[in-house]
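In: no sequence on hand, only this structure:
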């Protein structure tokens, strides 16, 4: 997780609406993304995440609402928005027949950097993204993780201060995902703002300063990861015993009915802090009911996701996302 002292908004949205025919995809969205932070947008398939990114990146018009991106009004100054942002989608947008270096040089030419400055920037990005050994290879010979790193490197050729990452680690192995996470952390440490959509809840937990959950075209909950987790009840200790008599004694002493006589387990409500754990173990010691195994469960983002998504829409009949 990142820490920041920035307070200015990199993205400011009020009343954003988008429909496709009779389907309401985004239904009055309000959100603010602070400069120099990671903002994660979560939601089920079809919730509207990619539609949101495409609108903010000027690839799709909104039907209504006030939108400012990187200090520019999206409606009156889309060119200003495009000049300030970068976008990396779910699939690497690279030319598989060109080499790594040729892809980056092509992007530098599109940004009109000039041969000298473009060459310097390409060389820096090849080094930064650990693509030196692959620089002369066609992209078709690269691994999936290397292609995603190249895709992000191409996004950075224009030196954007706001980057949209639309499910950037989809399909990557754990090592490649963690490498991408580290790159994101480094970018934010340099002052770049990252707007992230992901279906990997651990990714949002690891990276995001702030998280919003989108469902049925609306933001249903928003906050830091810790704030969202605290909104979910159900934290508990799970105690397992080898002796049925010890299980019964523990249940009586702890005054809980969450007992499984077949599995010899006992659930005790707890927020997982040290004081409550010590209190439970102290009580069990007094009655001579020593557990064989203890596990702590505290609500995580999976619990948040399931608690706040999936309920039927109350005012709009559709939640499908058109990509």
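Out: Alright, I've got the coordinates. All figures in this text were calculated on a predicted structure; none of them were measured in a lab.
In: surely residue 237 is in contact with residue 265?
Out: No: because the distance of 10.3 Å does not satisfy CB atoms under 8 Å, residue 237 is recorded as not touching residue 265. Where you see a C-beta, it was placed from the backbone N, CA and C, and this is true even at glycine.
In: and those two? which has more neighbours close in?
Out: Each of residue 237 and residue 265 has its neighbours counted (other CB atoms under 10 Å); residue 237 has more, 21 against 18.
In: and the most centrally placed residue in the chain, what is it in contact with?
Out: Nearest to the geometric centre of the chain sits residue 204, at 3.3 Å (CA atoms, centre = their mean). By CB atoms under 8 Å, 6 or more residues apart in numbering, the contact set of residue 204 is 40, 42, 196, 198, 211, 225, 301.
In: in strands only, show me those residues.
Out: In strands, judged by DSSP state E, the following of those are found: 40, 42, 196, 211.
In: top of those by neighbour count?
Out: Neighbour max across the ones in strands among the contacts of residue 204 (other CB under 10 Å) = residue 42, 28 neighbours.
In: neighbours of residue 26, how many?
Out: A count of nearby residues for residue 26, using other CB under 10 Å, gives 26.
In: ditto for the one 3 residues further on
Out: The burial metric for residue 29, expressed as a neighbour count using other CB under 10 Å, is 23.
In: go on, residue 135?
Out: Counted with other CB under 10 Å, the neighbours of residue 135 add up to 17.
In: so it sits right up against residue 98, yeah?
Out: No: taking contacts as CB under 8 Å, residue 135 lies outside contact range of residue 98: 11.4 Å.
In: and residue 25, what element?
Out: Secondary structure from DSSP states H and E places residue 25 in strand 23-34.
In: for the top helix by length along the chain, buried residues please.
Out: In the chain, with assignment by DSSP state H, the single longest helix is helix 174-189. Neighbour counts over helix 174-189 (16 or more other CB atoms under 10 Å) mark 176, 177, 179, 180, 181, 183, 184, 185, 187, 188 as buried.
In: report the two of these separated the most.
Out: Largest separation among those by CB to CB: 176 and 188, giving 19.2 Å.
In: from the ones in strands among the contacts of residue 204, which is closest to residue 230?
Out: Nearest to residue 230 among the ones in strands among the contacts of residue 204, with distances taken as CB to CB, is residue 211, at 12.9 Å.
In: which residue sits closest to that closest one, ignoring its sequence neighbours?
Out: Closest residue to residue 211 apart from its sequence neighbours, by CB to CB, 6 or more residues apart in numbering: residue 40 at 4.7 Å.
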